[in-house]
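J.: Here is the input, now give the coordinates:
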Amino acid sequence: MPETSASRPASTILLLRDAAKEVEVFMMVRHHQIEFNSGALVFPGGSVDAGDNEIVARADLYSGGEGLSESDRGFRIAAIRETFEESGILLARSKGSNTPVDARRAGEIADAHRVALNEHKISFMSILADNGLQLALDTLVPYAHWITPESMPKRFDTWFFLAAAPPDQLGAHDGRESTDSIWVSPREAVEGGESGRFKLPFPTTRNLIRLAKQGSVSAALDHAKGMSIVTVMPVMTKTESGRQLRIPREAGYDGEVFEVGAVG
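T.: Residues are numbered from 1 along each chain as shown. Predicted structure coming up:
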């Protein structure tokens, strides 16, 4: 029996805004040369790295971390960093302030540092310290926890968070890991996955379907705050028609067994 590969801690944010009729979520198309989920429409996010854990030890660089374990703070810090790297949207406050960094300030910080950050020429910690910023950890609401099936060669232990997008921070893909970005209603994204317009990973689809039931950002956040998160590690079975994934019914995804199409 092949040895199970370890799962890497990762996190992702479903950034939300209210549109005319429906909630919209910020999503990006991953670059076709990216090893994992190439070409897929995904939420911004990625692996927790050593720099994120260094920020955990610097309580002056974030607020809203009270009552969270070091591990939980690391997941949230990584989620905010990855979202800034990939979209330019910054969930932070100036030190001593209770209000989010505004779009103009976030844009200035992104223009000055985002390329260097993506090229590993500057650390996220130094950007925060040099600009008098604190990450707003309390703006993230846990929404889901998925672990890649044991049979997969590349595995992630991923926390999904909901957050209201700061006013007028519209986001833009980085052109490196992602090649396009859109604000889209969860309903439209799911329909696009069904029609072939979008390539959607299975966890992304399930979370979009759940999110589509909420009529506003505040309703979505309130719903998430009232949920108890059940960890999902799908069990994959090959069938005559393709693959079947089994997940815990109590995770709240309207089912337990899902057909996910042809193998390969």
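J.: For the rest of this, base every contact and every neighbour count on C-alpha atoms.
T.: Will do.
J.: And the helices in the stretch 1-150 of the chain?
T.: For the stretch 1-150 of the chain, the helices defined by DSSP state H, counting those that start in this stretch occupy 50-56, 70-87, 103-118, 124-130.
J.: Point out the most buried one among the ones you listed.
T.: Ranked by mean neighbour count, the helices of the stretch 1-150 of the chain are led by helix 70-87 with a mean of 24 (mean count of other CA atoms under 10 Å).
J.: Now do it and helix 103-118, the angle between them.
T.: Taking axes from the mean of the first three to the mean of the last three CA atoms, to 10 degrees, helix 70-87 and helix 103-118 form an angle of 100 degrees between their directions.
J.: Let me know how buried Phe160 is, in neighbour terms.
T.: Using other CA atoms under 10 Å, Phe160 has 24 other residues around it.
J.: which SSE is it in?
T.: Taking DSSP states H and E as the definition, Phe160 sits inside strand 155-164.
J.: name the helices or strands packed onto that strand?
T.: strand 7-18, strand 141-147, helix 217-225 (3 or more CA pairs under 8 Å, 6 or more residues apart in numbering; DSSP states H and E).
J.: okay if I get those as TSV plus mean neighbour count?
T.: Converted to TSV, those look like this (neighbours: other CA atoms under 10 Å):
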stretch	mean neighbour count
strand 7-18	23
strand 141-147	20
helix 217-225	17
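J.: Let me know which of these is the nearest to Asn131.
T.: strand 7-18 (23.1 Å; CA to CA).
J.: For the closest one, which outside residues touch it?
T.: Under the criterion CA atoms under 8 Å, 6 or more residues apart in numbering, residues 23-26, 43-48, 75-76, 78-80, 82-83, 140, 147-148, 154-165, 216-217 lie in contact with strand 7-18.
J.: and the direction of the helix or strand bottoming out on mean pLDDT in the chain versus that of helix 70-87, what angle?
T.: Within the chain, no helix or strand scores below strand 178-184, which has a mean of 75 by mean pLDDT, DSSP states H and E. Strand 178-184 and helix 70-87 meet at an angle of 100 degrees, taking the same axes, to 10 degrees as the criterion.
J.: Which is the succeeding secondary structure element to strand 178-184?
T.: That would be, after strand 178-184 and using DSSP H and E, helix 186-195.
J.: Give the buried residues for that next one.
T.: If you call a residue buried by 16 or more other CA atoms under 10 Å, then helix 186-195 has these buried ones: 186-187, 189-190, 193.
J.: which helices and strands does that helix pack with?
T.: Using 3+ CA pairs under 8 Å, 6+ apart: helix 186-195 touches strand 23-30, helix 202-211.
J.: Now do the buried residues in the longest one.
T.: Just to be clear, that refers to helix 202-211. For helix 202-211, by 16+ other CA under 10 Å, it's 203-205, 207-209, 211.
J.: which of the residues you listed lies closest to Ser87?
T.: Nearest to Ser87 among the buried residues of helix 202-211, with distances taken as CA to CA, is Thr204, at 17.9 Å.
J.: which ones are touching the closest one?
T.: Contacts of Thr204 by CA under 8 Å, 6+ apart are 42-43.
J.: State the distance from it to Val190.
T.: 9 Å (CA to CA, to the nearest Å).
J.: Also Pro9?
T.: 26 Å.
J.: ok, back up a step: now the helices and strands packed on strand 155-164 as CSV including distance to Glu70?
T.: Below are those laid out as CSV (distance: least, CA to CA, whole Å):
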stretch, distance to Glu70
strand 7-18, 13
strand 141-147, 15
helix 217-225, 20
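J.: just so I know, which of those lies nearest Ala92?
T.: Of all the helices and strands packed on strand 155-164, strand 7-18 comes closest under CA to CA, at 13.9 Å.
J.: Okay, now the sheet partners of that closest one, with direction.
T.: strand 23-30 (antiparallel), strand 45-47 (antiparallel), strand 155-164 (parallel) (DSSP bridges).
J.: buried set for the first one?
T.: Buried positions in strand 23-30, judged by neighbour count with 16+ other CA under 10 Å: 23-30.
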